[in-house]
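> Everything below, folded, please.
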Amino acid sequence: MHMKMQDIADMAGVSIATVSRVINQPEKVKNETRQRVEKILEQTNFVANAVARGLVVNSMKTIGVLTVDIRDLHFANIIYTIERQFTDFGYNVILSNTGGELGEKKRYLRVMLEKQVDGLILIGSVFKEHTGNKHILEASTSVPVILVNSLLAGDNIYSILCDDSYGVRKAVNYLVNQGRRDIYYFTDIKSASGIAKLEGFVQGMKENSLDFSNVIEVSRTLEGGGDGIHQLMAEKRRVSAIICGEDLTAVGAMKALTELGYRIPQDIAVIGYNNSILARTATPSLTSVDNMAEAMARQAVEVLVNVLQGKQVSKKILLTPSLVTRRSTDSLPLYQE
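Got it, this is the predicted structure:
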């Protein structure tokens, strides 16, 4: 039986107009009503089925792009590149800023499918849930889904990844080669990417017979980096270098170190991650792992366009990060392949 919007309305005891508002303008619907309708939409997979039945006959030349936080410099850079690239291919881009809540991610996926996009790009490993990814798999039955920096198996799902574990392992080895051994890692997020970075640190330290438990959990903020430094100093730890999972926390760490009178890199070296504009403008300039954000964005566009054109493409593309060295580890900036 093919569900119609009237069927959804009848099941929820509301009007068709209310169902439409729940899909497109949920903020205008009372919480109790919205939750009741959303539950039925999810149970019936209404939006995905509607698209799969062929209600979308012609391409809308529109791509849906979802991110959890457009304020994040890393995500913003990827989004900018994707939008520019799709414009060159004649596609429009609809951007949704979902926030981190699973319910909102599911809702925005439904909204995108209702808008009859030709494909979806989900930016960031935070879109892969530890509790299950049925909503993404269901979306992929209607349109191709590209995951940027995340991996999920599915017939119509394609992953563009950076080898984050390798990136942090490379940073560890670089510091060890400088003669630094008391190396700490500031971990800030438990996403797939965050876990891969932490695994890279542990592996790199093990390979060099160093203490791989030198891990401090911090918030993904400037203040988080500073808090990590204050914790190390309060515990009177010996520290020769710090690697952070983000440039933002690394800049916060450097600020705290400078305020406490430490010289960077003479006393303590610092490495960030993402090679963002923060790394280039920090004082001192920040050595950082370049996770190939623009390259991942270009690959995501190329893969989706090829899929839409019916071409065979790889289900997984893995990019290798590089280490860009600057004054936070060296007196003279170098470039490491």
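> what's around L319, how many residues?
16 (other CB atoms under 10 Å). Placement of C-beta: from N, CA and C, glycine included.
> which residues of the stretch 1-150 of the chain score low on pLDDT?
1-3, 24, 46-59, 126-132 (pLDDT under 70).
> repeat that for 90
Regions of the stretch 1-150 of the chain meeting the criterion pLDDT under 90 cover residues 1-10, 14-31, 34, 37-61, 67-77, 87-90, 96-116, 124-142, 149-150.
> quick one, strands of it?
Ranges of strands in the stretch 1-150 of the chain, per DSSP state E, counting those that start in this stretch, are 62-67, 92-97, 119-123, 145-148.
> Figure out which of those is closest to I160.
I160 sits nearest to strand 145-148 of all these, at 5.2 Å, using CB to CB.
> Relative to F186, how far out is the closest residue to N92 other than its chain neighbours?
Leaving out its chain neighbours, the residue that sits closest to N92 by CB to CB, 6 or more residues apart in numbering is T62, at 4.7 Å. With distances taken as CB to CB, to the nearest Å, T62 is found 40 Å from F186.
> more crowded one of these two?
Set side by side, T62 and F186 show more neighbours around F186, with 30 against 16, by other CB under 10 Å.
> From what I see, the more buried one and T249 are in contact.
Yes - F186 is within contact range of T249, at 5.4 Å (criterion: CB atoms under 8 Å).
> In contact with the residue nearest to the spatial centre of the chain, which residues are there?
Geometric centre of the chain, nearest residue: G124, 1.8 Å, by CA atoms, centre = their mean. Each residue near G124 by CB atoms under 8 Å, 6 or more residues apart in numbering is listed here: T67, V68, F75, V148, N149, S150, S191, S193.
> so which of these is the most crowded?
N149 (29 neighbours).
> who touches the residue nearest to N92 in this structure?
Y91, N92, V93, I94, K115, Q116, V117, D118 are the contacts of T62 under CB under 8 Å, 6+ apart.
> Between all of the residues you listed, which two are separated the most?
Going by CB to CB, the pair spanning these furthest: V93 and Q116, at 14.2 Å.
> which residue ranges form the helices in the stretch 51-200 of the chain?
Secondary structure of the stretch 51-200 of the chain (DSSP state H, counting those that start in this stretch): helices at 73-88, 102-114, 134-139, 164-177, 192-207.
> Let me know which of those is tucked in deepest.
helix 164-177 (a mean of 22; mean count of other CB atoms under 10 Å).
> what packs against that helix?
Using 3 or more CB pairs under 8 Å, 6 or more residues apart in numbering; DSSP states H and E, the elements in contact with helix 164-177 are strand 183-187, helix 192-207, strand 241-244, strand 269-273, strand 287-290, strand 322-324.
> For V218, which of those is the nearest?
Of the helices and strands packed on helix 164-177, nearest to V218 by CB to CB is strand 183-187, at 4.9 Å.
> Starting from the closest one, tell me which strands it pairs with and how they run.
strand 215-217 (parallel), strand 241-244 (parallel) (DSSP bridges).
> Tell me the helix or strand right after the first one.
So that's strand 215-217. helix 222-234 (DSSP states H and E).
> tell me the angle that following helix makes with strand 183-187.
Angle between the axes of helix 222-234 and strand 183-187 is 140 degrees (criterion: axes from the mean of the first three to the mean of the last three CA atoms, to 10 degrees).
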